[in-house]
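*Asks:* Sequence and predicted structure, then a few things I'm wondering about:
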Amino acid sequence: MDYISLLAPAWTMGALLVFLTAPLGCLMLWRRMSFFADTLAHGTLLGVAMAGLLALPYWAGVLSVSGLLVLILWVLQDRRLPTDALLALCSSALLCSGLLLVNQLPALRPELIGYLFGDLLALNWADLPILLTAIIAGVGILVWNWKYQLRLAIDSDMAASEGVHAGGQRLIFMLILALFTVLALKAVGTLLMGALLVIPALTARLWARSPHHMVGLAFVFAQVGIAGGLWGSVWLNIATGASIVLVMAIVFGVLFVGQKVKAKQLVASS
């Protein structure tokens, strides 16, 4: 079997997706919004089910539900309501709604595993132009607003005093995350999207010396996870999304343990 031709479209798409994964994951850690990705991910299941019910493309359903979630969170902003509690509420409601709707659509059930864990290998070159356009748009918006996003992540009060519109930037950030969920559905499925964002950024945080250095490292670690996961899924005949996330988790574990061992050695030698 020609593994290169089999993996080439999926590898290309995964490598391009990392241009969004790395900066978004870092911003999520800095802004303590890691749970938001899981909430969006749970919403994608409802989006897929709605698309199946209405005979629409899956991305239309996912994008609609993601946009609705962003709007709901925007409306529910209230100092009396903690963000993590609101996300837990939305996450549970969306997941339950998605599962209930999927149960009413027997034709969708055989494809459920693919939606839950992703199937990046199912992509072909014909899918690439649309995906590339969406990624370029997302990265372009993020780059245009990066300095404001970074200021808000570092010190929101200081950024507000400097004239940064916190509410508008928060909305932009959530909308780009919503776009990411549509693109990542094929890569790792609904259950593992949060891991695709968080694990490379978390690994990078172990070694980063500055915010931009952290984004660069997250980019490298995400690329390693995509490549290793794709090859591992083919060799071991396992789900692509699960393989990608496991490789990223192993890289984090190895680097974390190695750093701890090195720190103990330095203490012992001093």
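*Replies:* Received the coordinates, thanks. Everything quoted here is computed from the prediction, not taken from an experiment. Numbers count the residues shown, from 1 in each chain.

*Asks:* Report the contact partners of residue 47.
*Replies:* By C-beta atoms under 8 Å, 6 or more residues apart in numbering, residue 47 lies in contact with 58, 61, 62, 63, 64, 65, 66, 98. Where C-beta positions appear, they are placed from N, C-alpha and C, glycine not excepted.

*Asks:* Farthest pair within these?
*Replies:* Spatial extent of the contacts of residue 47 (C-beta to C-beta) is set by the pair 63 and 98 at 14.9 Å.

*Asks:* Between these two, which is the more surrounded one?
*Replies:* It is residue 98, of residue 63 and residue 98, that has more neighbours when counted by other C-beta atoms under 10 Å, with 22 against 19.

*Asks:* The more buried one and residue 49 touch, don't they?
*Replies:* Yes - with contact defined as C-beta atoms under 8 Å, residue 98 reaches residue 49; the gap is 5.4 Å.

*Asks:* who does the one helix or strand residue 68 maps to touch, helix- and strand-wise?
*Replies:* Assigned by DSSP states H and E, residue 68 falls within helix 58-75. Helices and strands touching helix 58-75, by 3 or more C-beta pairs under 8 Å, 6 or more residues apart in numbering; DSSP states H and E, are helix 34-54, helix 83-103, helix 166-188.

*Asks:* dump the residue contacts of residue 182.
*Replies:* By C-beta under 8 Å, 6+ apart, the neighbours of residue 182 are 44, 59, 62, 63, 66, 134.

*Asks:* how many other residues sit next to the residue lying closest to residue 94 once chain neighbours are set aside?
*Replies:* Counting by C-beta to C-beta, 6 or more residues apart in numbering, residue 94 lies nearest to residue 43, which is 4.2 Å off, once chain neighbours are set aside. Using other C-beta under 10 Å, residue 43 has 30 neighbouring residues.

*Asks:* Phi, psi for the closest residue in space to residue 214 that isn't next to it in sequence please.
*Replies:* Excluding the flanking residues, the one nearest residue 214 by C-beta to C-beta, 6+ apart is residue 208, at 3.4 Å. When read as degrees, to the nearest 10, the backbone of residue 208 gives phi -70, psi 140.
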